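Visitor: just a sequence and a predicted model for now, questions to come.
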Amino acid sequence: MENFADVKYILDGFLFIFAGILVMWMAAGFAMLESGLTRSKNTATVLTKNILLFAISCIMFYFVGYNFMYGDGNIFIGSGVMLSGKTSEGMGYPVMADFFFQVVFVATAASVISGVIAERMKIWPFLIFTIILTSIIYPIQGHWSWGKSELGGFMTGFSDFAGSTVVHSVGGWAALAGVLILGARKGKYAKDGQVRPIPGSNLPMATLGTFILWMGWFGFNGGSQLALGSKEDIDAIASVIASTNMAACAGGLMAAILTQLIYKKIDLTMVLNGTLAGLVSCTAGPNLGIDVALIEGLIGGALIIFAVPFFDKLKIDDPVGALSVHLVSGIWGTLAVGIFSPTVTFLAQIKGVVVVGSFVFISSFIIWKIIDLLIGLRVDDETEVNGLDINETGLEAYPEFKRA
């Protein structure tokens, strides 16, 4: 090789681009999963939210968020240089490849929120919150863990390889803050405290969405190795991807076994979320080995079975189970690194969870409340009963199938 540095530059840049494409494809998975687990009268609204949140995430992270997160200055003023003015010189990889890989992570956090607030929130309040999340809230906390500023030093020792906390639980904390203000869907909880199931409209679509997310996760975790220019790097990426796959398998299987034991039937929706919980659980430490990933996935899948009814007991209505998958499993996966990694302390992981969780929940609650006071978060009762699609989008996803 005439210039090994050039080859490494090319390979590292290719990893960012290819892995970013896989993670971008997860947006389709989130859209299909949310559509499948909610009612058909809200499908067009769900799809509209998912495509617009991705567009907003990319634009806002380009103009504002990337500099907050990876700027050389402090966490509030970034580097003071727009991304369009940066060059790849001295970075070791193309700056735009780095931006693309990072921005699809931002959109993932926003996608988590979409599922939790589904079927009763107006589109525009959600999109306004997405603007603030992707340009300010997500980048600031991300800077503490993955940025370069010395002001992030109080997170020293905290380890989150691909984002169990930095991405997934951030989406969960922001969603929890919003749903506490928004309230539950009409008819979900009876006055006597009984929980009334509201079945999803399309389980084949939800299952396909889960498989798409599973596939995209190989880019999510594998790309977080951040390098492809050596034998050690490709060995590490292979190990991370194999571990990610194992965690998903373990989570889905554990959910199937537990629902059979508890409810005497295998619950497909729990199996889907158990699979995703396994993926989230290993995201903070997919580099710890396949055996550790198996344990993380098994426990993540088990947590889902108990977290979903726990939120229902609190009357926190989560139509797709995203709080259980991304918040609960995100916390578990982060803490698991402190248990299984010999170089990371459990205390550092707890501190990271508490610091990020507190910042995101409190800031999100304030923003949600301001939006609610100014324009209102929730649709009116008639719109909720009839479905959000006609009122919010003027369309129906399935116009040939009319409800009685």
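Guide: Received, thanks. Residues are numbered from 1 along each chain as shown.
Visitor: use CA for all of it now, contacts and neighbours both
Guide: Will do.
Visitor: show me what the least confident helix or strand in the chain by mean pLDDT is packed against.
Guide: Counting by mean pLDDT, DSSP states H and E, the chain has its least confident helix or strand at helix 66-70, which shows a mean of 88. For helix 66-70, the packing partners by 3 or more Cα pairs under 8 Å, 6 or more residues apart in numbering; DSSP states H and E come out as helix 138-146.
Visitor: which positions within the helix it packs on qualify as buried?
Guide: 138-146 (16 or more other Cα atoms under 10 Å).
Visitor: format the CA atom coordinates belonging to it as CSV.
Guide: Extracted in CSV, the C-alpha atoms of helix 138-146 (Å, rounded to 0.1, in the frame of the first residue of the first chain):
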residue,chain,number,x,y,z
TYR,A,138,-30.0,15.8,23.0
PRO,A,139,-26.7,17.5,21.9
ILE,A,140,-26.0,18.9,25.4
GLN,A,141,-26.3,15.6,27.2
GLY,A,142,-24.5,13.9,24.3
HIS,A,143,-21.6,16.3,24.7
TRP,A,144,-21.1,15.2,28.3
SER,A,145,-20.6,11.6,27.3
TRP,A,146,-19.3,11.7,23.7
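Visitor: buried ones in the helix or strand just after it?
Guide: Using DSSP states H and E, the helix or strand that follows helix 138-146 towards the C-terminus is helix 170-182. Residues 170-179, 182 are the ones in helix 170-182 that count as buried (16+ other Cα under 10 Å).
Visitor: turn the buried residues of helix 138-146 into TSV, including pLDDT and distance to Ile339.
Guide: Listed next are these as TSV, based on pLDDT from 0 to 100; distance: Cα to Cα, whole Å:
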residue	pLDDT	distance to Ile339
Tyr138	97	26
Pro139	94	27
Ile140	93	27
Gln141	94	23
Gly142	94	23
His143	91	24
Trp144	91	22
Ser145	90	19
Trp146	90	21
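Visitor: need those in JSON lines (columns: distance to Phe306).
Guide: Putting the buried residues of helix 138-146 into JSON lines (distance: Cα to Cα, whole Å) gives the following:
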{"residue": "Tyr138", "distance to Phe306": "28"}
{"residue": "Pro139", "distance to Phe306": "32"}
{"residue": "Ile140", "distance to Phe306": "32"}
{"residue": "Gln141", "distance to Phe306": "29"}
{"residue": "Gly142", "distance to Phe306": "29"}
{"residue": "His143", "distance to Phe306": "33"}
{"residue": "Trp144", "distance to Phe306": "31"}
{"residue": "Ser145", "distance to Phe306": "30"}
{"residue": "Trp146", "distance to Phe306": "32"}
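Visitor: quick check, nearest of these to Gly223?
Guide: Looking at those and their distance to Gly223, the nearest is Trp146, at 14.5 Å (Cα to Cα).
Visitor: ok so, going back, pull the distance from the very next helix or strand once past the least confident helix or strand of the chain to the chain's centre.
Guide: Heading C-terminal from helix 66-70, the first helix or strand you meet, by DSSP H and E, is helix 95-116. Distance of helix 95-116 from its chain centroid, counting by Cα atoms, centre = their mean, to the nearest Å, is 8 Å.
Visitor: which strands and helices sit next to helix 95-116?
Guide: Packing partners of helix 95-116 (3+ Cα pairs under 8 Å, 6+ apart): helix 4-37, helix 43-60, helix 170-182, helix 322.
Visitor: and the average pLDDT for it is what?
Guide: Taken as a whole, helix 95-116 has a mean pLDDT of 96.
Visitor: ok, now stretch 36-53?
Guide: 97.
Visitor: just the CA coordinates for it, please, in PDB.
Guide: This file holds the C-alpha atoms of stretch 36-53, laid out as PDB (Å, rounded to 0.1, in the frame of the first residue of the first chain):
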ATOM      1  CA  GLY A  36     -48.900  -1.700  13.600                       C
ATOM      2  CA  LEU A  37     -49.300  -1.300  17.400                       C
ATOM      3  CA  THR A  38     -51.800   1.600  17.100                       C
ATOM      4  CA  ARG A  39     -55.300   1.800  15.600                       C
ATOM      5  CA  SER A  40     -55.800   2.200  11.800                       C
ATOM      6  CA  LYS A  41     -57.700   5.400  12.300                       C
ATOM      7  CA  ASN A  42     -54.400   7.100  13.400                       C
ATOM      8  CA  THR A  43     -52.000   5.400  10.900                       C
ATOM      9  CA  ALA A  44     -51.600   8.400   8.500                       C
ATOM     10  CA  THR A  45     -50.800  10.600  11.500                       C
ATOM     11  CA  VAL A  46     -48.200   8.100  12.800                       C
ATOM     12  CA  LEU A  47     -46.500   7.900   9.400                       C
ATOM     13  CA  THR A  48     -46.500  11.700   9.000                       C
ATOM     14  CA  LYS A  49     -44.900  12.200  12.300                       C
ATOM     15  CA  ASN A  50     -42.200   9.600  11.600                       C
ATOM     16  CA  ILE A  51     -41.100  11.100   8.300                       C
ATOM     17  CA  LEU A  52     -41.200  14.700   9.500                       C
ATOM     18  CA  LEU A  53     -39.300  14.000  12.800                       C
END
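Visitor: circling back: and the least confident helix or strand of the chain, which residues are buried?
Guide: Of the residues in helix 66-70, those buried by neighbour count under the rule 16+ other Cα under 10 Å are 66-70.
Visitor: same check on stretch 266-286?
Guide: Buried residues in stretch 266-286 (16+ other Cα under 10 Å): 266, 268-286.
Visitor: any stretches of the chain with poor pLDDT?
Guide: 1-2, 72-90, 148-154, 402-404 (pLDDT under 70).
Visitor: switch the cut-off to 90
Guide: 1-6, 67-68, 70-93, 147-156, 190-193, 229, 399-404 (pLDDT under 90).
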